[in-house]
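1. no sequence on this one, just coordinates:
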């Protein structure tokens, strides 16, 4: 079955059926593509397959494994995630800031204004910065830079982002 046919099937049934089909599609994809890898900064990663947000069909297939690699490298350190992404795919124990998404463990504040009073060894952001200042009314092209300056202030000496 090709991806276009699978999309038609997944997009049309009622939600409970869709959920089961998505889970089956992920299982099949993992089985047949489990050896597929990509390289980023000299490291090999396996593509990520998950039913949430059809992660195997979009940029999350690459973004999540890279983020997981950063989290592994900073295990036990202070981590801040801008945009609530990773908790949708696996359990996390780091701080998460998302202005709009209300969820357990998520601080709902703008990244430009966030101040936890602590410094972070790793600040991670998956497909979020491009929305700051753009998905708001009125649009403010200066907000992404302001967010970066605020995050830089929150980064511990020698920290990564």
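-> Yep, that arrived. These numbers were taken from a predicted model, which means no experiment stands behind them.

2. For this structure, just list every one of the strands.
-> 37-40, 43-46, 79-82, 95-97, 106-107, 120-125, 155-160 (DSSP state E).

3. Can you give the strand pairings for the fifth one, parallel or anti for each?
-> Based on DSSP bridges, the pairing partners of strand 106-107 within the sheet are strand 95-97 (parallel).

4. Which residues does the strand it pairs with contact?
-> 78-84, 86-87, 105-107, 109, 111, 114, 116, 120 (CB atoms under 8 Å, 6 or more residues apart in numbering). Any C-beta I mention is one placed from the backbone N, CA and C, and that applies to glycine too.

5. So how do I select the buried members of the residues you listed in ChimeraX?
-> Buried residues within the contacts of strand 95-97, as defined by 16 or more other CB atoms under 10 Å, are selected in ChimeraX through the command that follows:
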select :78,79,80,81,82,83,84,86,87,106,111,114,120
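
6. Mind listing the residues bridging to residue 106?
-> Here residue 106, judged by DSSP bridges, has bridge partners residue 96.
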